[in-house]
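from the sequence below, what's the structure:
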Amino acid sequence: MHVLRRLVLPLVAVVLLLPASAGAQTVISSGMTLLSSNPTQAPVRMSDLAFLDNRVYVGTYSGFKIFDFTNPAAPQLLTNFLCSGTPGGAGQGDVSVWRAAGKTLLFRSVDTPQTKPECDRTPQSPGFEGIDIFDVTNPSAPVHIKGVATDCGSHTHTLVPDMGNNRVLLYVSSYPASALSATPTPYGNTCERTGGGHDKISIVEVSFMNPAGASVIGEPKLNLTGDFIGTAGFKGCHDITVFMELDLAAGACLTEGVLMDISNPAAPTISQRLVNPSIDTCARMAPPPGSPLCLWHSASFTWDGKYVVFGDEAGGGGGSECAADDPPTRGAFWMHQLSSPTTPIGRFKLPRPQPAINAGYQNCTAHIMNFVPVNGRYVLPTSWYSGGTSVVDWTNPASPNEIAYFEVEPGPLGNADPAQTNTWTTYWYRDLLFTNDGGGTPSAPTANGGQRGMEIFSLNQPWRTTAWDFSRFNPQTQENLLRCRATVHGAPLRARRAGMVHVQVRVLGQAVVGTTVTVRASGVQASKRTNADGEAMFKVNAARKGTLRVNVPDVPNMLGCQASKQVRPALTGGGNAGGGAGGPGLTGRF
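Below you'll find the predicted structure:
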């Protein structure tokens with residue numbers, strides 16, 4: 001998310017021909033295929049994405065859009081909902097979505113002060129900021145339910161499902177960058193740097209039965225240790241990602257990264273503080289002209305819960321941090337091992353330097369990401385503003401490498417070219433890559449005017465179709481660990497008689513392809529990889545009665561599983577029917 005909004009390998013290149021008024025752009029791409037593009041128009045900018053079934057919910061600075069992507073080559077726009085009388089004036093507009101009690105609710109961040117909570121509003125400072133709640137059950141006719149005011153607004157928010165209490169909680173991340181006021185607005189919100197600063201998050205409760213009664217139920221203090229850019233009281237979190245099954249949250253809180261215990265979701269507490277001098281020192285310095293701006297910006301967990309990656313949005317999304325002479329440690333993604341998380345164990349930065357355009361820089365830095373839910377590898381699609389999309393294989397935590405990318409360099413219009421990349425988000429969902437390009441009109445020759453909007457890509461990797469599908473995905477809300485389930489089928493087994501064992505391995509009810517399955521019993525040990533249906537067949541002949549044990553080990557991004565099947569005693573009276581003269585052990589082909 002663009003913090004400055006609130007602050008005043010060899011390349012494969014082809015030429016993309018656009019209308020004469022735009023000139024010719026250079027497309028730098030490998031391993032990705034563009035399926036569809038849905039350009040935006042200035043001054044409306046784009047922000048984050050959320051997903052439910054075959055719909056993508058697109059945040060904008062004027063409201064939100066909803067697309068049906070059943071046909072990814074031609075997604076259908078279901079609504080372009082405006083929540084401001086001033087185009088582009090409704091705040092950053094990050095979104096999340098949830099379905100319960102027969103309704104689909106959409107939540108939207110508002111971080112630009114407004115005249116009132118209702119959607120017939122215009123910017124006014126100080127004024128209402130916080131969370132918008134919409135009923136989007138009918139996606140063609142959204143209904144604004146309520147605006148909930150929160151201190152310093154909502155730059156981003158994180159949806160925390162609490163099904164046992166028939167509600168969702170929203171962790172609201174914000175900070176006192178502008179619109180400061182110690183006097184509460186008519187809606188109750190303030191924004192201060194005094195008295196310890198904005199050292200907190202807000203928690204909004206939304207009941208499924210009564211979303212119109214949503215309210216702030218807590219403002220837990222975080223005891224953050226640093227002041228952003230050396231400004232007293234300038235504290236707060238930029239993004240928080242939760243992993244519900246782990247009862248854990250990763251907070252990117254400007255001057256520091258933290259892990260939080262969310263076993264009581266209404267009262268999160270910091271359990272671990274992370275250390276990265278490449279971000280920490282820079283983020284706490286008052287940057288003189290020409291010096292870098294760094295910040296802990298975003299976070300994402302691997303699906304096995306073993307690692308977390310944080311991003312440093314150096315330059316705040318408006319600066320140039322990917323030039324050939326920029327250090328590889330600035331504006332990078334950093335991996336931490338959760339078993340010993342204090343310091344990072346690996347980093348990745350865009351390997352393609354961004355050249356100057358018409359004597360002006362290109363904005364480029366690490367931004368938004370999520371891990372692909374596939375077994376055996378850690379693959380992280382990432383967004384880089386002018387640098388477009390980079391897909392990173394991080395299976396080796398200490399040595400990540402880029403496996404696919406898409407970037408469009410501007411033509412003769414330079415940074416005013418609407419066809420250049422200005423990629424805000426890149427996410428994997430349901431066998432596709434979704435990006436959202438920021439858009440907007442450049443206010444200076446160095447500002448990026450790309451207006452590509454929401455785009456859909458396929459990733460050209462042989463394992464792509466083996467990734468698992470979700471029915472919903474809010475990028476800052478990871479719900480379940482990907483843990484396999486093994487089941488054993490076949491006729492009853494007897495000792496000293498050959499029999500067939502059919503093992504199925506599933507995650508989320510879907511096949512696990514190419515993972516190793518090992519079976520063991522008395523006199524039996526064999527391993528196979530699962531086929532395209534997530535199955536492995538074994539012909540076994542156990543020496544004695546007992547238990548046939550099936551093991552699927554942990555692999556990157558998937559926790560393992562076990563199963564078993566009883567081996568009955570051998571038949572008496574010389575019965576070795578079907579076993580053959582070879583005696584116990586494995587028979588047949590493996």
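
spatially nearest residue to Arg464 (excluding sequence neighbours)?
Once flanking residues are discounted, Arg464 sits nearest to Asp431: 6.5 Å by Cβ to Cβ, 6 or more residues apart in numbering. From N, CA and C alone the C-beta is placed, and that goes for glycine too.

that neighbour: neighbouring residues, count only.
Per other Cβ atoms under 10 Å, the neighbour tally for Asp431 reads 15.

please apply the same query to Ala267.
Using other Cβ under 10 Å, Ala267 is surrounded by 12 other residues.

any idea how far the residue nearest to Arg464 is from Val95?
When Cβ to Cβ, to the nearest Å is the yardstick, Asp431 and Val95 sit 22 Å from each other.

ok, now Ala283?
Distance, Ala283 to Val95, using Cβ to Cβ: 27 Å.

do Cys152 as well
19 Å.

could you find the closest non-adjacent residue to Val143?
Asp135 is the one closest to Val143 (Cβ to Cβ, 6+ apart), at 4.4 Å.

that neighbour pairs with what?
Assessed by DSSP bridges, Asp135 has beta-bridge partners Leu105, Val143.

got it, and Met454?
Here Met454, judged by DSSP bridges, has bridge partners Asn38, Asn436.

burial measure for it, as a count.
If you count neighbours by other Cβ under 10 Å, Met454 ends up with 24.

what comes up buried for stretch 107-115?
Applying a neighbour-count criterion of 16 or more other Cβ atoms under 10 Å, one finds 107-114 buried in stretch 107-115.

pretty sure the residue nearest to Val143 is touching Leu105, no?
Yes. If you go by Cβ atoms under 8 Å, Asp135 and Leu105 touch, sitting 6.4 Å apart.

between the two, which one's more packed in?
For Asp135 and Leu105, the more surrounded residue by other Cβ under 10 Å is Leu105, and the numbers stand at 22 against 16.

contacting residues for that one?
If a contact means Cβ atoms under 8 Å, 6 or more residues apart in numbering, then Leu105 has 97-99, 133-136, 145, 168, 206, 211 as its contacts.

of the residues you listed, buried ones?
For the contacts of Leu105, buried by 16+ other Cβ under 10 Å: 97-98, 133-136, 145, 168, 206, 211.

among the residues you listed, which ones are in helices?
Per DSSP state H, helices hold no members of those.

got those residues as CSV, with pLDDT and distance to Cys364 columns?
Shown next, in CSV, are the buried ones among the contacts of Leu105 (pLDDT from 0 to 100; distance: Cβ to Cβ, whole Å):
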residue, pLDDT, distance to Cys364
Val97, 98, 30
Trp98, 98, 33
Ile133, 98, 35
Phe134, 98, 33
Asp135, 98, 38
Val136, 98, 34
Ile145, 98, 38
Val168, 98, 35
Val206, 98, 37
Pro211, 98, 39
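
closest one of the buried residues of stretch 107-115 to Thr365?
Of all the buried residues of stretch 107-115, Asp111 has the smallest distance to Thr365: 19.5 Å, by Cβ to Cβ.

so the closest one, which state does it fall into?
State at Asp111, reduced to three classes by DSSP: H, G, I helix; E, B strand; the rest coil: strand.

leaving out chain neighbours, which residue sits closest to it?
Distance criterion Cβ to Cβ, 6+ apart; nearest residue to Asp111, sequence neighbours excluded, is Gly153 at 4.0 Å.

what residues are up against that neighbour?
Counting by Cβ under 8 Å, 6+ apart, Gly153 touches 91, 109-113, 129-130, 174, 179, 189, 191.
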